[in-house]
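[1] compute the structure for the input listed below.
(one chain, ligands or ions: 1)
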Amino acid sequence: MNAIQADIQVDETALAELSASFTGELVRPRDTTYDEHRRVWNGSIDRFPALIARCGGAADVVAAVRFATSSGLPVAVRSGGHSYPGQSVCDGGIVIDLGPMKGISVEPEARTARVQAGVLWGELDRTTQSFGLATTGGIVSHTGVAGLTLGGGIGWLHRRHGLTIDQLLSVDLITAGGDGVKASQTESSDLFWGLRGGGGNFGIATEFEFRLHPVGPSVLAGPIFWPIEQAPGLLRFYREWSAEAPDELMTMVVQRKAPPLPFVPRELHGELVVAVVCCYAGPIEDGERVVRPLRAFGSPALDLCEPKSYVAHQATFDRSFPHGWRYYFRACDVAELSDDVIDVMVEHGRRIVSPISSVAFFQMGGAVARVGESETAFNGRDAAFTFNINGNSPTAEGFEAERGWARAFWSALQPYHTSVYVNFLMDEGRERIRQAYGAGKYERLRALKRTYDPTNVFRLNQNIPPD
Ligand SMILES: Cc1cc2nc3c(=O)[nH]c(=O)nc-3n(C[C@H](O)[C@H](O)[C@H](O)COP(=O)(O)OP(=O)(O)OC[C@H]3O[C@@H](n4cnc5c(N)ncnc54)[C@H](O)[C@@H]3O)c2cc1C
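    Residues are numbered from 1 along each chain as shown. So this is what the prediction gives:
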């Protein structure tokens, strides 16, 4: 589809009625801002919606949902625009974009925050950190709060405080029928269960209320790099060392070519490296003690693990994942870092060609695993590590080869897959979504879907069809 074909899909009379009361911006293919607003983070996605309804508040969301359902056109919901498979934009349909809804209000005494759906993690962290507080959020600061939260939410604080959904106190939602619902432990609690992991299946979240925790403002954090040749020994050492780590420590292990960033010495640029990225969410001195044995392993090529502001650490990976590059992604959870898993990681990590492809795994456990598996729709709380295999390229050139590399890596790990985090799925089909939730939760989510979105208006997502 192109912009001209997209433009003719909309009923002009109905649109005029919508625009009479709409406080945000209605963007059509003929408008100068159309390209800016139809683009999503993943540059490999190039879709042409008929209308982008950039909502100014909950009333605009209600009006946009009613307009969209009466038009019968496909509906995509966008907040931060970071869906890997580009599910927040569609061809010929309506994008309900919550990006302009940026309200944040913090109650420092109660340690809570109310956050509108268009807020990005960097924006929320900067605000809560001005009170010395934070909640579990993603590791790239330009990711949206809304999509990340509804899928579960992992990040530097999850081992200490739990998933992002474990911090949720309530969600304000507009259903497919255009009705407002508040979901919490005491109101529409069945819906609240489903919203904590079930993604955008049940409606459009306009506002979230989170629990906050004292964090930082300084944390001991950052990457320590070793030459790739030391990866087999390092990963075995890491397995033992991380198993004893306190919940305050969250680590990620990354294999990639060292980026040409100012803090990376020139001689390392483009060299394959393995890095352990740490974040100790507790007193700096305690963190130093915990990290000391890791620093002493082998001969690190570069050690950037140091006291820094939590907000700065949250942006560590921002420049590695800018808007507009081509991103392909495969993910899985594993129960342990067995010798076989390490061998796969080392072998396929050495085959990285693109300077921006990488493999990383998040260390799980801690507070995530202490919440009961059935308490929320999120599945796989007992996973030990979550793998991200990123086959990326700045332009179309070489992208297919990177996708092939990511697929081959993922397939080699297949014997060790346990679960998969739903926010780390590409367009992988219905059976894979079912696997992600497990049969029991999937059926419970389907029953909820029948109640809140029986005609599957919200289907451009990791979809749980009602029938
Ligand atoms: C660079 C990058 C880093 C990431 N890092 C992490 C990480 O550290 N931890 C982690 O847990 N995940 C991470 N993710 C995955 C992330 O959680 C998902 O991509 C998430 O969907 C992004 O949310 P968004 O609002 O930015 O995306 P969008 O593309 O706007 O939305 C994605 C989907 O979420 C749903 N949705 C969005 N907003 C709403 C809403 N208001 N109401 C109802 N449904 C909605 C829709 O189905 C939509 O298709 C990362 C992704 C990227 C691209």
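[2] now stretch 99-111, how far from the centre of its chain.
    20 Å (C-alpha atoms, centre = their mean, to the nearest Å).
[3] hang on, I meant stretch 404-424
    17 Å.
[4] mean confidence score for it?
    Mean pLDDT, stretch 404-424: 97.
[5] repeat for stretch 166-183
    pLDDT averaged over stretch 166-183 gives 97.
[6] so which residues on this structure come close to the ligand?
    Residues of the chain lying close to the ligand by C-beta under 6 Å from any ligand atom are 41, 77-84, 87-88, 98, 117, 138-140, 143-144, 146-148, 150-151, 153-155, 199-200, 204-205, 321, 423, 460-461. Yep, even glycine has a C-beta here, placed from its N, CA and C like the rest.
[7] those residues in strands, which ones?
    77, 78, 204, 205 (DSSP state E).
[8] contacts only, for the spatially closest residue to residue 363 that is not a sequence neighbour.
    Of all residues not flanking residue 363 in the chain, residue 251 sits nearest, at 4.7 Å (C-beta to C-beta, 6 or more residues apart in numbering). Residue 251 is in contact with 238, 242, 245, 276, 277, 278, 279, 363, counting by C-beta atoms under 8 Å, 6 or more residues apart in numbering.
[9] of all pairs in those residues, which one is the farthest apart?
    238 and 279 (15.2 Å; C-beta to C-beta).
[10] out of those two, which sits in the more crowded spot?
    residue 279 (28 against 21; other C-beta atoms under 10 Å).
[11] just say helix, strand or coil for the more buried one.
    With DSSP: H, G, I helix; E, B strand; the rest coil as the basis, the three-state label of residue 279 is strand.
[12] ok, now which ones touch it?
    156, 157, 219, 220, 221, 249, 250, 251, 313.
[13] kindly recompute the last result at 6 Å.
    Contacts for residue 279 (C-beta atoms under 6 Å, 6 or more residues apart in numbering) come out as 156, 219, 221, 250, 313.
[14] of the residues you listed, just the buried ones, ChimeraX syntax please.
    The ChimeraX selection below is limited to those of these classed as buried (16 or more other C-beta atoms under 10 Å):
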select :156,219,221,250,313
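[15] could you tell me which of the contacts of residue 279 belong to strands?
    Those of the contacts of residue 279 lying in strands (DSSP E): 219, 221, 250.
[16] one step back: kindly reformat the ones in strands among the residues of the chain next to the ligand as JSON lines containing pLDDT and neighbour count.
    Below are those laid out as JSON lines (pLDDT from 0 to 100; neighbours: other C-beta atoms under 10 Å):
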{"residue": "77", "pLDDT": "98", "neighbour count": "30"}
{"residue": "78", "pLDDT": "98", "neighbour count": "31"}
{"residue": "204", "pLDDT": "98", "neighbour count": "26"}
{"residue": "205", "pLDDT": "98", "neighbour count": "24"}
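[17] the stretch 201-350 of the chain: helices as residue ranges?
    Per DSSP state H, counting those that start in this stretch, the stretch 201-350 of the chain carries helices over the ranges 231-243, 284-295, 310-314, 339-349.
[18] would you list those in a markdown table and tack on mean pLDDT?
    Putting the helices of the stretch 201-350 of the chain into a markdown table (pLDDT from 0 to 100) gives the following:
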| stretch | mean pLDDT |
| --- | --- |
| helix 231-243 | 98 |
| helix 284-295 | 98 |
| helix 310-314 | 97 |
| helix 339-349 | 97 |
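[19] which ones are touching the residue nearest to the spatial centre of the chain?
    For the chain, the residue nearest the mean C-alpha position is residue 148 (4.3 Å; C-alpha atoms, centre = their mean). With contact set as C-beta under 6 Å, 6+ apart, residue 148 has these partners: residue 138.
[20] and the residue of the stretch 251-400 of the chain closest to the ligand?
    residue 321 (3.8 Å; C-beta to the nearest ligand atom).
[21] what's the closest non-adjacent residue to that residue?
    residue 140 (5.3 Å).
[22] would you mind measuring from that neighbour to residue 260?
    For residue 140, the distance to residue 260 (C-beta to C-beta, to the nearest Å) stands at 19 Å.
[23] which one of the two has more residues nearby?
    Each of residue 140 and residue 260 has its neighbours counted (other C-beta under 10 Å); residue 140 has more, 23 against 11.
[24] these two touch, right, the more buried one and residue 317?
    Yes: in terms of C-beta atoms under 6 Å, residue 140 counts as a neighbour of residue 317; the distance is 5.1 Å.
[25] on that earlier part again, nearest to residue 68 among the ones in strands among the contacts of residue 279?
    Of all the ones in strands among the contacts of residue 279, residue 68 sits closest to residue 250, with 39.2 Å by C-beta to C-beta.
[26] isn't the closest one right up against residue 156?
    Yes: contact criterion C-beta under 6 Å: residue 250 and residue 156 qualify, at 5.1 Å.
[27] isn't residue 268 right up against residue 258?
    Yes: the pair residue 268 / residue 258 is scored as a contact, 4.2 Å apart, by C-beta under 6 Å.
[28] more neighbours, the two?
    residue 258 (22 against 17).
[29] residue contacts, the more buried one?
    264, 268, 269, 271, 273.
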